[in-house]
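Peer 1: need coordinates for the below:
(one chain, ligands or ions: 1)
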Amino acid sequence: MAAEKWVLSVTAQTPTNIAVIKYWGKRDEELILPINDSISVTLDPGHLCTTTSVAVSPAFTHDRIWLNGKEVSLSGGRFQNVLREIRSRATDYEDEKRGIKITKKDWEKLCVHIVSYNNFPTAAGLASSAAGLACLVFSLAKLMNVKEDHSQLSAIARQGSGSACRSLYGGFVKWIMGKEDNGSDSIAVQLADEKHWDDLVIIIAVVSSKQKETSSTSGMRDTVETSELIKHRAKEVVPKRIKEMEAAIAKCDFPSFARLACADSNQIISCVEKLNRHEGTPQVAYTFDAGPNAVLISKDRKTAALLLQRLLFQFPPQSDADLNSYVIGDKTILKDAGIEDLKDIEALAPPPENASTQRCKGDVSYFICTKPGRGPVVLADESQSLINPETGLPK
Ligand code: ADE
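Peer 2: Now for the predicted structure:
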């Protein structure tokens, strides 16, 4: 290792994901091993993603992390698991031009600086820790010249945050629960990429961007400790749903996809059910994660535009809201719905099947329109780095 005070950095961007067959319940809390397989759709990182820059320098004195602009503690077990696992797989690195040579042994001593931003509310049930931990693993693996493939990296991400393992891939992803006690076979695999089924449009109703009241970890622990039904779910219900969901994704069979995703979630439900009943076959699937935000998956753009009209009619923004910040992400859906300003919402007719729908002004904070998206990428352009290349501190 040269004595110069160089800074070596990598920047990466990683998507979040929404489970359509849920991960709920751990068989090993330490290694984060689930009691059932799960399947997710990776969301377009253009709308929801984490960007992380990681750097090493002989000048750094200790490992540090800045999350969304604030330095936070790195002492948590999840971060430490990831750092330990990645460091142990680091390999020799050399940049002759810059005179940087780092051996496998050097990596153990070099301290890292991590700067990470989520472009969506952290801890709002939008799987920020999934995108965040996946991005941390992916960017550290690139920096430290780790040779493992995405599935092996997914097993490391899993030890940071369970659902993070599914964010190592784009498109449609299965997290195989595995059987081994050491978790080596509890990994994510890609079922199909994001181009396989690109008609789908996903609308997220952000009900609250407040911190969740119950963490997923303690919620799961309570369920596993107190519920007999969870064992039945893990052993009998989910394995069947996983098979059916895999077949539905392979065939782009929306009615089956919708039936399975809705059955596997439990809480906007009536709005979707009424629309589906009115149309005769499922057009929209709803699913919820541990937070209160609803994720609605529409069969195609035409249905998404119809759904958005109904959602905006039923959940109008506060009168002083600005439509541009009430519906974010892919705004072309709003255009397809014929809504260009707030007045257009007021001009919408009540849904034909339910003219007496109660309107709930202000109940939804905002809507995000998005679609299935790609997996992690390295951002090679220096201008995209979050770390100052001279000081190694956040830009
Ligand atoms: N938890 C939530 N967001 C995160 C991020 N961007 N990086 C690491 N952990 C996180």
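
Peer 1: drop to CA atoms for contacts and neighbour counts, all remaining ones
Peer 2: Fine.

Peer 1: I'd guessed A261 sits against Y286; true?
Peer 2: Yes - with contact defined as Cα atoms under 8 Å, A261 reaches Y286; the gap is 6.8 Å.

Peer 1: in stretch 86-98, what's buried?
Peer 2: Within stretch 86-98, the residues scored as buried using 16 or more other Cα atoms under 10 Å are 86-87, 90-91, 93.

Peer 1: CSV please, covering those residues and showing pLDDT.
Peer 2: As requested, those are exported to CSV (pLDDT from 0 to 100):
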residue, pLDDT
I86, 97
R87, 97
A90, 98
T91, 97
Y93, 97
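
Peer 1: out of these, which is nearest to the ligand?
Peer 2: I86 (14.9 Å; Cα to the nearest ligand atom).

Peer 1: is that closest one in a helix, a strand, or coil?
Peer 2: Using DSSP: H, G, I helix; E, B strand; the rest coil, the structure places I86 in helix.

Peer 1: got it, and S319?
Peer 2: Under three-state DSSP, S319 falls in the coil class.

Peer 1: how many neighbours does it have?
Peer 2: The local packing of S319 (other Cα atoms under 10 Å) involves 9 other residues.

Peer 1: and it, how far is that from the ligand?
Peer 2: Separation of S319 from the ligand (Cα to the nearest ligand atom, to the nearest Å): 32 Å.

Peer 1: ok, residues contacting the helix or strand harbouring S270?
Peer 2: S270 is part of helix 269-279, with elements assigned from DSSP states H and E. For helix 269-279, contacts defined as Cα atoms under 8 Å, 6 or more residues apart in numbering pick out 282-286, 307, 310-311, 353-354.

Peer 1: would you list the residues you listed in JSON lines and tack on distance to Q159 and pLDDT?
Peer 2: As requested, these are exported to JSON lines (distance: Cα to Cα, whole Å; pLDDT from 0 to 100):
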{"residue": "P282", "distance to Q159": "36", "pLDDT": "93"}
{"residue": "Q283", "distance to Q159": "36", "pLDDT": "94"}
{"residue": "V284", "distance to Q159": "33", "pLDDT": "94"}
{"residue": "A285", "distance to Q159": "30", "pLDDT": "94"}
{"residue": "Y286", "distance to Q159": "28", "pLDDT": "89"}
{"residue": "L307", "distance to Q159": "37", "pLDDT": "94"}
{"residue": "R310", "distance to Q159": "40", "pLDDT": "90"}
{"residue": "L311", "distance to Q159": "37", "pLDDT": "91"}
{"residue": "E353", "distance to Q159": "47", "pLDDT": "66"}
{"residue": "N354", "distance to Q159": "47", "pLDDT": "63"}
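
Peer 1: list the contacts for S325?
Peer 2: Shown in contact with S325 (Cα under 8 Å, 6+ apart): Y366.

Peer 1: go with 10 Å
Peer 2: Counting by Cα atoms under 10 Å, 6 or more residues apart in numbering, S325 touches 365-368.

Peer 1: also within reach of the ligand: list those from the residues you listed.
Peer 2: Applying Cα under 6 Å from any ligand atom, the subset of these adjacent to the ligand is empty.

Peer 1: list just the nearest of the residues you listed to the ligand.
Peer 2: For these, the nearest to the ligand is I368 (18.3 Å; Cα to the nearest ligand atom).

Peer 1: list the contacts for the closest residue to W175 other than its chain neighbours?
Peer 2: Nearest non-adjacent residue to W175, counting by Cα to Cα, 6 or more residues apart in numbering: A188, 4.1 Å away. Residues in contact with A188, defined by Cα under 10 Å, 6+ apart, are 37-39, 150-155, 157-158, 163-169, 173-177.

Peer 1: follow-up on the earlier one: tell me, which of the contacts of helix 269-279 make contact with the ligand?
Peer 2: Counting by Cα under 6 Å from any ligand atom, the subset of the contacts of helix 269-279 that neighbours the ligand is empty.

Peer 1: nearest to K361, of these?
Peer 2: Closest approach to K361 among these (Cα to Cα): L311, at 10.9 Å.

Peer 1: so the one helix or strand that closest one maps to versus helix 269-279, what angle?
Peer 2: Secondary structure from DSSP H and E places L311 in helix 301-314. For helix 301-314 against helix 269-279, the angle by axes from the mean of the first three to the mean of the last three Cα atoms, to 10 degrees is 130 degrees.

Peer 1: any idea how far S161 lies from I249?
Peer 2: S161 is 25 Å from I249, where distance means Cα to Cα, to the nearest Å.

Peer 1: should've said T103
Peer 2: As judged by Cα to Cα, T103 and I249 stand 44 Å apart.

Peer 1: same question for N68.
Peer 2: N68 sits 35 Å away from I249, going by Cα to Cα.

Peer 1: who's more crowded, A261 and Y286?
Peer 2: Taking neighbours as other Cα under 10 Å, A261 and Y286 compare with Y286 leading, 28 against 23.

Peer 1: next up, phi/psi of that one, please.
Peer 2: Backbone torsions of Y286, given as degrees, to the nearest 10, read phi -110, psi 150.

Peer 1: wait, isn't it in contact with V295?
Peer 2: Yes - the pair Y286 / V295 is scored as a contact, 5.7 Å apart, by Cα atoms under 10 Å.
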